[in-house]
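**Q** Here's my sequence, what's the structure:
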Amino acid sequence: SMSISIFDTCSADHDLSSEDFLKCISDGAEEKFESLASGVDTFYLIFAGALVYFMQTGFAMLCAGSIRTKNVMNVLLWNLLDSCGGAIGFWSVGYAFAYGGDDDGGKTFIGHTNFFLMNGADMEQWFFQFAFACALSSIVAGTVAERTKMQAYLCYSVFLTGFVYPVVAHAFWSTNGFLSNAATDPLWGSGVIDLAGSGPVHMTGGVTALVMAIILGPRRGRFHDAEGNLLNEPCDFPPHSVALQFLGTFCLWFGWYGFNPGSTIRISSAQHGDVASLVAVNTSLGAAAGAVSAMFTKSIIETRTTGVTTYDLTAAMNGCLTGLVAVTAPCATVEPWAGFVIGVCAGWVYLLGSHLLLKYKIDDAVDAIPVHMGGGAWGVIATGLFTNASRLEAAFGMSDNIGWFYEWGRGSGNFTLLGIQIIAVFFIIGWVFFIMGPFYYVLNYLNWLRVDPLEEEVGLDLSRHKGSAYAYSDGSFRKEDVETLERRRSERTMDGSRSGKFSKSIKKIINGKDEFQDDDVPTN
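**A** Residues are numbered from 1 along each chain as shown. Next up is the predicted model:
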């Protein structure tokens, strides 16, 4: 029916034996093909964006499973609000700061047009990028769980997706970005290579988590006792549900097949299909190698130090995620064997990063800092080492500056690409510390950052959300802390507040069974 409509249109305007008729048929068929290709590309991006958005489920489950029962409802609400704040922040200003003014030419530090999508935009592009922004915000949620005020989380979530991330995305991916390989005059004739965001998404989120964890401080009892004395060994706060951790990890791995292959943006040609297929393969190998590397390396270390061999599921899951993070940047420009090697090294990066956090008394409830900051930095640098000329040409249309190891094969010491990748890593670290450090410091100064110590002991579910994700017979609070919190809030009714009413709701929830039994109350 498509060719008939073109024929009817052309025959009505031109003589069937004329060259104009043949040209009309050719032009019409080409226009129809381009329209179909555009529709296929649009569907591909929307579908990939939906997979990326499904990663929110993974972040929520992983975070909820990794913490104690008394804070589960709190982090689930945070993850929901990530999407809400991310949508509003990215719609209003974030997308404009990241990509506004791309057609103006020249290099800019930040976008400056199309706020609130008022000037029109490729809506599928906005949707795909919005899903990225939400993922970035959720990275931080796990690190600072169990001790952060809601207003602090809302402030940082909107600020991160609306300003901090868009500046990095602009630098990496906008045609006006100073690091972008798509710029008319890219840095050193190359620009940074990061297909899907090891740097702009994961590393930005990881560095943000590090800054916030330092200023916020560790959870009570993690590194110090009740009197503030340093513990000989950090107190473990084991995950309340390994099953939820596992579910979250697999949801994230699944969503990564939208995150990475979708970042090719198009799928409507054989070349784009080949690139996306390579990306999917490297994504799989990076995840698998990272999990195996982290788990068995930790097993070997424990065998050497204790004489007992164990197999750590948490190390395997976080190693898997670190491998995924690391392969996100180079997945379109490296061979499968290199994707495997990058994943193996990512497992080691995770173990080293996790060890350093404990050494320097930085409390990360889900180890998001070594996974996303460490894995992200390694991924950006690994791109500068392993990028292959033919793969780079297919994915980005250039091959003058390739991975350093391949430059050796050319008989050259050309450091251009690796140098740009290192500059990109330092840019992200510098930008996030420069912006988020003062931001969190001000929140802390205003007492908007950390919850009251008593509320932290009772748990944020009871103290701030009028309920719990679980029955309290196996909760992780102490009865005397809850009673103290009730008494304190009841006294506030003298000021005309409604805290007394809230306190009654707490008591009703707690006394869901007839009375507390002392042996039901955990000592932790």
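
**Q** Following the chain past the top helix by length along the chain, name the next helix or strand.
**A** Assignment by DSSP state H gives helix 19-66 as the longest helix of the chain. The helix or strand immediately downstream of helix 19-66 is helix 72-89, counting by DSSP states H and E.

**Q** what's the angle between that following helix and helix 19-66?
**A** Per axes from the mean of the first three to the mean of the last three C-alpha atoms, to 10 degrees, the angle that helix 72-89 makes with helix 19-66 is 150 degrees.

**Q** right, and the helix or strand after helix 72-89?
**A** On the C-terminal side of helix 72-89, the nearest following helix or strand under DSSP H and E is helix 95-99.

**Q** hey, C-alpha coordinates of stretch 323-333 in CSV?
**A** Provided in CSV are the C-alpha atoms of stretch 323-333 (Å, rounded to 0.1, in the frame of the first residue of the first chain):
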residue,chain,number,x,y,z
GLY,A,323,31.9,-4.5,36.3
LEU,A,324,28.7,-3.1,34.8
VAL,A,325,29.6,0.5,35.8
ALA,A,326,33.2,0.1,34.4
VAL,A,327,32.2,-1.3,31.0
THR,A,328,29.5,1.4,30.5
ALA,A,329,32.0,3.9,29.0
PRO,A,330,34.1,1.6,26.7
CYS,A,331,31.4,-1.0,25.7
ALA,A,332,31.1,0.2,22.1
THR,A,333,34.8,0.7,21.5
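
**Q** one step back: pLDDT averaged over the longest helix of the chain, what's the number?
**A** Helix 19-66 carries an average pLDDT of 93.

**Q** What count of nearby residues applies to the closest residue to Tyr53 other than its chain neighbours?
**A** The shortest distance from Tyr53 to any non-neighbouring residue, by C-beta to C-beta, 6 or more residues apart in numbering, is to Ala131 (4.3 Å). Quick note: C-beta positions are derived from backbone N, CA and C, even for glycine. Other residues near Ala131 come to 27 when the count uses other C-beta atoms under 10 Å.

**Q** separation between Ala131 and Ala171?
**A** 20 Å (C-beta to C-beta, to the nearest Å).

**Q** And what about Thr310, helix, strand or coil?
**A** Assigned with DSSP: H, G, I helix; E, B strand; the rest coil, Thr310 falls in the coil class.

**Q** cool, the one 4 residues further on as well?
**A** The assignment at Thr314 comes out as helix when based on three-state DSSP.

**Q** how close does it get to Gly376?
**A** When Thr314 is compared with Gly376 (using C-beta to C-beta), they lie 20 Å apart.

**Q** Looking at these two, which one has more neighbours?
**A** More crowded of Thr314 and Gly376, by other C-beta under 10 Å: Gly376, with 31 against 20.

**Q** got the contact list for the closest residue to Thr108 other than its chain neighbours?
**A** The spatially closest residue to Thr108, leaving aside those adjacent along the chain, is Asn176, at 4.5 Å (C-beta to C-beta, 6+ apart). If you count contacts by C-beta atoms under 8 Å, 6 or more residues apart in numbering, Asn176 has them with 101-102, 104-108, 111, 170, 183.

**Q** ok, now with 6 Å
**A** Asn176 sits next to 102, 107-108 when contact means C-beta atoms under 6 Å, 6 or more residues apart in numbering.

**Q** Just confirm the residue nearest to Tyr53 contacts Val52, I think it does.
**A** Yes: using C-beta atoms under 6 Å, Ala131 is in contact with Val52, at 3.9 Å.

**Q** And the helices in the stretch 351-500 of the chain?
**A** Along the stretch 351-500 of the chain, counting by DSSP state H, counting those that start in this stretch, helices occupy 368, 375-386, 389-396, 404-409, 416-445, 453-458, 460-465, 479-491, 499-510.

**Q** for the record, mean pLDDT for the first one?
**A** Okay, so that is helix 368. Helix 368 comes out at a mean pLDDT of 97.

**Q** Equivalent analysis for the fifth one, please.
**A** Per-residue confidence for helix 416-445 averages out to 97 on the pLDDT scale.

**Q** Just want the angle from that helix to helix 389-396.
**A** Using the same axes, to 10 degrees: helix 416-445 against helix 389-396 is 50 degrees.

**Q** Against Ala133, how distant is Phe159?
**A** When C-beta to C-beta is the yardstick, Phe159 and Ala133 sit 12 Å from each other.

**Q** Can you check the pLDDT for Ala469?
**A** Reported pLDDT for Ala469: 86.

**Q** what about it, how many residues close to it?
**A** Counted with other C-beta under 10 Å, residues neighbouring Ala469 total 17.

**Q** surely it meets Asn71?
**A** No: contact criterion C-beta under 6 Å: Ala469 and Asn71 do not qualify, at 8.7 Å.

**Q** What about Val167, how many residues nearby?
**A** 22.

**Q** Tell me which helix or strand the residue nearest to Tyr53 sits in.
**A** Counting by DSSP H and E, the element that carries Ala131 is helix 123-143.

**Q** buried sites along that helix?
**A** 124, 126-143 (16 or more other C-beta atoms under 10 Å).

**Q** Please report the distance of the nearest residue to Thr309 once chain neighbours are set aside from Cys345.
**A** The shortest distance from Thr309 to any non-neighbouring residue, by C-beta to C-beta, 6+ apart, is to Thr303 (4.6 Å). When distance is defined by C-beta to C-beta, Thr303 is 21 Å away from Cys345.

**Q** swap in Gly339?
**A** For Gly339, the distance to Cys345 - C-beta to C-beta - is 11 Å.

**Q** And those two? Which one has more around it.
**A** Gly339 (27 against 20).

**Q** Now Val211: closest residue in space that isn't a chain neighbour?
**A** Met436 (4.7 Å).

**Q** Check whether the one you found really touches Val207, as I assumed.
**A** No: with contact defined as C-beta under 6 Å, Met436 and Val207 do not form a contacting pair (7.8 Å).

**Q** higher neighbour count, the two?
**A** Val207 (27 against 23).
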